[in-house]
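Student: Here's my sequence, what's the structure:
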Amino acid sequence: MVERSAPASCCPGDRFDFGGMSSSFLKERGGNNSFTHEALTLKYKLDNQFELVFVVGFQKILTLTYVDKLIDDVHRLFRDKYRTEIQQQSALSLLNGTFDFQNDFLRLLREAEESSKIRAPTTMKKFEDSEKSKKPVRSMIETRGEKPKEKAKNSKKKGAKKEGSDGPLATSKAVPTEKSGVPVGPENGVELSKEELIRRKREEFIQKHGRGVEKSGKSTKSDAPKEKGKKAPRVWALGGSANKEVLDYSTPTTSGAPEAAPPEDINLIRGTGPGGQLQDLDCSSSDDEGATQNSTKPSSTKGTLGGMFGMLKGLVGSKSLSREDMESVLDKMRDHLIAKNVAADIAVQLCESVASKLEGKVMGTFSTVTSTVKQALQESLVQILQPQRRVDMLRDIMDAQRHQRPYVVTFCGVNGVGKSTNLAKISFWLLENGFSVLIAACDTFRAGAVEQLRTHTRRLSALHPPENHGGRTMVQLFEKGYGKDAAGIAMEAIAFARNQGFDVVLVDTAGRMQDNAPLMTALAKLITVNTPDLVLFVGEALVGNEAVDQLVKFNRALADHSMAQTPRLIDGIVLTKFDTIDDKVGAAISMTYITSKPIVFVGTGQTYCDLRSLNAKAVVAALMKA
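Tutor: Purely as a prediction, here's the structure:
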């Protein structure tokens, strides 16, 4: 049941579109109790005990301070007033029935508005109320050449400290000040000059630390100049002038002509496994298999198999859950998620969402708090990893073929995450499915980027030579060298693919940090000008909190620097280096939670076949493993 109400422009009973708010619940963002829909801001409160949702809607341009108090008062009064009817009637009868709550709601609204008016708004302090206004004008006037009284006192105190800290010399000799002309000193009151005072201090220091000075004096160089020998020039092993024969490490040939490149090892390049069909990601390891086999045998340590979740056994009878009951379990789970590489902020939000979902829920007789919270968290994680829109590249490519145009995919991400390597893996997967691929080398900044793609193209051509496809070139590299405009190269590559009949264009871009504004502007220009069908963000599975910063700033930069009214943002994620993290798979949760976009591919190795699709249940099982 939903109680719809809003002040000012909205009346109780007005109907809103709650699709976005329900999707907020489904995506496990229940910890945030507000939702913006077009020109309205909706604030809601959940009552899990009676399965009620209380919603207040108001115009988002208004700043209403009493909304939280209003929704709490309405929730409390409605629940207390209709508790018996809610418990006795079924859900269908409640939806079809009506509740006489109009007058109560208007009364609560009036009280909330009056309470907000009673609280006086904070105003700026007047000059008459400040401490400065109480000082006389004469005390604030400073004459040139004169020091303020407080500064003069401080200078006197500092002068006294300096006089007292001169050591034994201060007891026998007093340093004269500039203003006082009183003669001071041991020689019958003769005033000491500055040079004399420095000389005497130096003599006393030498007498006090004579041994150290003598030792250091022995090691001092003599005044007699020594003749310096000429430094012999250093001969570098890999520098200077050298004969061509000395630097030639190639294998000598009989004819003198360069030998042809050795044939590529097909099995080493390709790897093992079906290349045309993506297998699901398997997060199990040998340790998991050993644990599974040992679990079938009777063991005295059965109680320890629960891992982290076996620490708390709070058996709860038939009663409703409160935040106090779940606090210790949620703290353990939050720390566990952070240890598994989930970003700290997201781990807190997930636990808060689970707490909001379970608060007030009645538990069974033999259910524990730990098992209930664990099951709710598992369901939330699976729901997060399941995408709102599934990306099916093969179907989209066939649809582009019907329109006689190439399907364009752009890869972006930070430096060193494996964009070019995984682009080659995806190229191999597309070739295995019978699609021709044009690789656009738009990384015109990194040295060796074009050569890397050229090597991948040569090896992919060895796996799929033209003679196996009726003389048709299946993979080709489009490059214009270094230092050119990446957006222009991508545009030329797409036009070339359209003319030559290529099915797919894969655009490789330069790695860039999310805080580099000029490079992010260039990326937004490339995407806006060429309008690719799919924008994939390539990220490492090794990152933790950095994943949140990368994705948020990449999306923000694409939106800010785009010239279109509806800017193109990230459509999907490629998660790389997944074989290096064991069961620390939290980056998948962090990236999907931030963008609500699916993880399209997962890189799991160094051969072309090491490409997988994400298995949500396997990832959650690895994440929850102790």
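Student: use CA for all of it now, contacts and neighbours both
Tutor: Noted.
Student: low-scoring stretches of the stretch 51-200 of the chain, by residue?
Tutor: Per-residue confidence of the stretch 51-200 of the chain (counting by pLDDT under 70) places the weak regions at 89-97, 119-123, 136-192.
Student: got the residue ranges for the helices in it?
Tutor: If DSSP state H, counting those that start in this stretch is used as the criterion, the helices of the stretch 51-200 of the chain fall at 67-81, 83-88, 91-96, 102-118, 149-164, 168-172, 194-208.
Student: Below-threshold pLDDT in the chain: ranges please.
Tutor: Counting by pLDDT under 70, the chain contains low-confidence ranges at 1-32, 89-97, 119-123, 136-192, 210-230, 235-276, 283-318, 365-366.
Student: Which residue comes closest to Leu330 once chain neighbours are left out?
Tutor: The spatial neighbour of Leu330 that comes closest, neighbours along the chain excluded (Cα to Cα, 6 or more residues apart in numbering), is Cys351 at 6.1 Å.
Student: ok, the one you found to Ala339 distance?
Tutor: For Cys351, the distance to Ala339 (Cα to Cα, to the nearest Å) stands at 14 Å.
Student: Neighbour count: the two, which is higher?
Tutor: Between Cys351 and Ala339, counting by other Cα atoms under 10 Å, Cys351 is the more crowded of the two (26 against 16).
Student: Output the helix or strand containing the more buried one as PDB, nothing but the C-alphas.
Tutor: Taking DSSP states H and E as the definition, Cys351 sits inside helix 344-358. Backbone C-alpha positions of helix 344-358 (Å, rounded to 0.1, in the frame of the first residue of the first chain) are rendered in PDB as follows:
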ATOM      1  CA  ALA A 344      34.300   1.200   1.100                       C
ATOM      2  CA  ASP A 345      31.400   3.700   0.300                       C
ATOM      3  CA  ILE A 346      29.500   1.000  -1.700                       C
ATOM      4  CA  ALA A 347      30.000  -1.600   1.000                       C
ATOM      5  CA  VAL A 348      28.400   0.900   3.500                       C
ATOM      6  CA  GLN A 349      25.500   1.600   1.100                       C
ATOM      7  CA  LEU A 350      24.900  -2.100   0.500                       C
ATOM      8  CA  CYS A 351      24.700  -2.900   4.200                       C
ATOM      9  CA  GLU A 352      22.500   0.200   4.800                       C
ATOM     10  CA  SER A 353      20.100  -1.100   2.000                       C
ATOM     11  CA  VAL A 354      20.000  -4.600   3.500                       C
ATOM     12  CA  ALA A 355      19.200  -3.100   7.000                       C
ATOM     13  CA  SER A 356      16.400  -1.000   5.500                       C
ATOM     14  CA  LYS A 357      15.000  -4.000   3.700                       C
ATOM     15  CA  LEU A 358      15.000  -6.200   6.800                       C
END
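Student: which strands and helices sit next to it?
Tutor: Contacting helix 344-358 under the criterion 3 or more Cα pairs under 8 Å, 6 or more residues apart in numbering; DSSP states H and E are the following elements: helix 323-339, helix 369-385.
Student: any idea of the angle the first one forms with helix 369-385?
Tutor: I take that to be helix 323-339. Here helix 323-339 runs at an angle of 50 degrees relative to helix 369-385 (axes from the mean of the first three to the mean of the last three Cα atoms, to 10 degrees).
Student: Outside of helix 323-339 itself, which residues are in contact with it?
Tutor: By Cα atoms under 8 Å, 6 or more residues apart in numbering, the residues outside helix 323-339 that reach it are 308, 312, 344, 347-348, 351, 355, 359, 369-370, 373, 584, 586, 623-624.
Student: which residues are contacting the strand or helix carrying Arg612?
Tutor: Arg612 is part of strand 611-613 when elements are defined by DSSP H and E. The contact list for strand 611-613 (Cα under 8 Å, 6+ apart) reads 278-281, 425-426, 599-605.
Student: try 6 Å this time
Tutor: When contacts are defined by Cα atoms under 6 Å, 6 or more residues apart in numbering, strand 611-613 is touched by residues 278-281, 601-603.
Student: From those, which land in strands?
Tutor: Among the contacts of strand 611-613, the members falling in strands (DSSP state E) are 279-280, 601-603.
Student: top of these by neighbour count?
Tutor: Val602 (28 neighbours).
Student: distance of that residue from Leu281?
Tutor: The gap separating Val602 from Leu281 is 8 Å, by Cα to Cα.
Student: and if you look at Val55?
Tutor: 41 Å.
Student: would a markdown table of the contacts of strand 611-613 with distance to Val505 be doable?
Tutor: What follows is these, written out as a markdown table (distance: Cα to Cα, whole Å):
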| residue | distance to Val505 |
| --- | --- |
| Leu278 | 20 |
| Gln279 | 24 |
| Asp280 | 25 |
| Leu281 | 26 |
| Phe601 | 17 |
| Val602 | 20 |
| Gly603 | 20 |
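Student: rewinding a little: among the ones in strands among the contacts of strand 611-613, which one sits closest to Leu106?
Tutor: Of all these, Leu106 sits closest to Phe601, with 53.9 Å by Cα to Cα.
Student: residue contacts, the closest one?
Tutor: Going by Cα under 6 Å, 6+ apart, Phe601 touches 574, 612-613.
Student: If it is in a bridge, with which residues?
Tutor: Each beta-bridge partner of Phe601 is listed here: Val574, as defined by DSSP bridges.
Student: isn't Leu526 right next to Asp485, touching?
Tutor: No: in this structure Leu526 lies outside contact range of Asp485 using Cα atoms under 6 Å: 9.1 Å.
Student: Give me the more crowded residue out of these two.
Tutor: Taking neighbours as other Cα under 10 Å, Leu526 and Asp485 compare with Leu526 leading, 24 against 14.
Student: Assign that one to helix, strand or coil.
Tutor: Here Leu526 is recorded as helix under DSSP: H, G, I helix; E, B strand; the rest coil.
Student: so what's it closest to, chain neighbours aside?
Tutor: Beyond its immediate neighbours in the sequence, the residue positioned closest to Leu526 (Cα to Cα, 6+ apart) is Ala487, lying 4.3 Å away.
Student: Burial check on that neighbour, number of neighbours?
Tutor: Ala487 has 20 neighbours, counted by other Cα under 10 Å.
Student: what helix or strand is it on?
Tutor: Element membership for Ala487, per DSSP H and E: helix 486-500.
Student: Does Lys340 touch Gly586 like I think?
Tutor: Yes: in this structure, Lys340 sits in contact with Gly586. The criterion is Cα under 6 Å, and the distance is 5.3 Å.
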